[in-house]
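> Need a 3D model of the following:
(one chain, ligands or ions: 1)
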Amino acid sequence: MSEAHEKSGRVVPWMKRLTLIPLALAATVALAGPALTLEETPPSAADQAAEPSAADKATAPAAKEDQVKVPPAKDSDQGAAAATQATDQVAAPAAKEKEARHESARHEQKPRRFDWSFAGAFGRYDRAQLRRGFKVYKEVCSSCHSIKMLAFRNLSQPGGPEFSEKEVEALAASYKVKDGPNEAGEYYDRPARPSDRFPPPFANEQAARAALAGNYPPDMSVLAKARGYSRGFPLFLFDALPGFSYQEHGVDYIVSLMEGYEDPPPDVKLPEGQFYDPYMPGRRIGMPPPLSAGVVTYDDGAPQTIDQYAKDVTAFMMWVAEPHLESRKRVGLGVIAFLLVFVGLLYYTKRKIWTDVPH
Ligand code: HEC
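The predicted structure is shown next:
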């Protein structure tokens, strides 16, 4: 084998592998692109032109029915939907377009972005903020929302609000929890201990719905991580890369939601017990605006505004949902640092081993 041949034998597989990268990217775009654009843009002219095919006609009424059923019942909506259905046979494209516009008005707004002390690779919780957030939860949100996975003792653990054990004991003792059965076979109330979990405000879902005009406040244990939204193409590609992913969608959403309450637009009629908030999916929410300036007294001098309350309580919810965030990030950084050193060592080892081999 000639020298040149040998060289090309080594180079060609590498080049082949490199060409795979753009191919893989193109495939991702081809597969994910249409799915995402479909979600956001109204049907294109081409779609509409192809619309009145036999298959479409057969499935159309079923799809229509779904759309009417999904949103919370609203008279004017159903009227509008019925009207679109009626005109559909006459002028399908125009009706479709109108419906698309109608739907987008119902879509929620994208949450605003906020600065979080726990964002990014070096993120850490702000202890003072967690303490204030706990106070807001305790004095406002806990009258409706349970936080079942949080035990009193967690509040004194490292990485959290880090109350002292004495403070936690006193706090626990101010709550009553159900215990039993005792020797007489009865259940009884006793003051909580640090090992107990936070008692819920309602005995069960039915009791909550009965008290809150049929609405059910979700448990807050993991709410900050359970909520989020898709950033769409192409930003979701970044979310797939370790180190670049944005992990604060949920908390951004909750603060936006708290601050986003508005008067409904004139063409929207809200049923009893519903409020208008453009950040809530469907834009209506069964929670009355929970915060107002001055409802909670801060003793560390932080501003007593809706904005501050919302950010503090949301940071607290984030800690409850992910108490080990700090150690997760610390270990991650350690692993990356180790791998960098290891790559360097491997490279020099490889050079050493291959020095005597002619090439
Ligand atoms: C008067 C009772 C009440 C209080 C007080 C209250 N909430 Fe709610 N909350 C509700 C109800 C009811 C829902 C469910 C709303 C729905 O599904 O339409 C809800 C839903 C939520 C949601 C979920 C929204 C979603 O995406 O589904 C969040 C987040 C939330 N509340 C945060 C808070 C925070 C933070 C506080 C304290 C500052 C608070 N709530 C205080 C009743 C309350």
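> switch to C-alpha atoms for all contacts and neighbour counts from now on
Fine.
> Now do the SS call for Pro218.
coil (DSSP: H, G, I helix; E, B strand; the rest coil).
> quick one, what contacts Leu150?
Residues in contact with Leu150 (CA atoms under 8 Å, 6 or more residues apart in numbering) are Arg197, Phe198, Ser221, Val320.
> Just these: which are in helices?
Val320 (DSSP state H).
> Pick the one among the contacts of Leu150 closest to Ala293.
Val320 (24.4 Å; CA to CA).
> Apart from its chain neighbours, what residue comes closest to the closest one?
Ser221 (5.9 Å; CA to CA, 6 or more residues apart in numbering).
> ok, which residues in this structure are in contact with the ligand?
Neighbours of the ligand within the chain, by CA under 6 Å from any ligand atom: 137, 140-141, 143-144, 215-218, 254, 280, 285-288, 290-291, 313.
> Just the ones of these in helices?
Tyr137, Ile254, Val313.
> Pretty sure the second one sits against Ala224.
Yes: under the contact definition of CA atoms under 8 Å, Ile254 touches Ala224, with a separation of 7.4 Å.
> Now do the shared contacts for the two.
With CA under 8 Å, 6+ apart as the test, Ile254 and Ala224 both reach Thr314.
> Next, count neighbours for the residue nearest to Val320.
20 (other CA atoms under 10 Å).
> And for Ala240?
Neighbour tally, Ala240, other CA under 10 Å: 11.
> separation between it and the ligand?
Ala240 sits 24 Å away from the ligand, going by CA to the nearest ligand atom, to the nearest Å.
> For Pro217, report the pLDDT, please.
Pro217 carries a pLDDT value of 97.
> So what's the residue count around the residue nearest to it when sequence neighbours are not counted?
Distances taken as CA to CA, 6+ apart place His145 nearest to Pro217, at 5.6 Å, with adjacent residues excluded. By other CA under 10 Å, 20 other residues sit near His145.
> Tell me the residue of the stretch 51-200 of the chain that sits nearest the ligand?
Using CA to the nearest ligand atom, the single residue of the stretch 51-200 of the chain nearest to the ligand is Cys141, 3.4 Å away.
> That residue contacts Pro288, correct?
No: the pair Cys141 / Pro288 is not scored as a contact, 11.2 Å apart, by CA under 8 Å.
> Between the two, which has more neighbouring residues?
More neighbours surround Cys141 than the other of Cys141 and Pro288, with 19 against 12 (other CA under 10 Å).
> For that one, give me the pLDDT.
97.
> Could you measure from it over to Pro201?
Distance, Cys141 to Pro201, by CA to CA, to the nearest Å: 10 Å.
> what's the weakest-modelled helix or strand in the protein?
helix 45-50 (a mean of 38; mean pLDDT, DSSP states H and E).
> list the contacts for the residue nearest to Val320?
Ser221 touches Ser146, Ile147, Lys148, Met149, Leu150, Met317, Val320, Ala321, counting by CA under 8 Å, 6+ apart.
> On the three-state scheme, the first one is what?
It stands for Ser146. Relying on three-state DSSP, one would call Ser146 coil.
> Any idea how many residues pack against it?
There are 20 residues near Ser146, going by other CA under 10 Å.
> As a check, name the ranges of all helices in the stretch 151-300 of the chain.
165-173, 205-211, 223-226, 235-239, 249-259 (DSSP state H, counting those that start in this stretch).
> Buried ones in the fourth one, by neighbour count?
Neighbour counts using 16 or more other CA atoms under 10 Å place no residue of helix 235-239 among the buried ones.
> Would you mind putting the CA coordinates of it into CSV?
This file holds the C-alpha atoms of helix 235-239, laid out as CSV (Å, rounded to 0.1, in the frame of the first residue of the first chain):
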residue,chain,number,x,y,z
LEU,A,235,-34.8,27.0,20.5
PHE,A,236,-35.8,23.6,21.7
LEU,A,237,-32.7,22.3,20.1
PHE,A,238,-30.7,24.2,22.7
ASP,A,239,-32.9,22.6,25.4
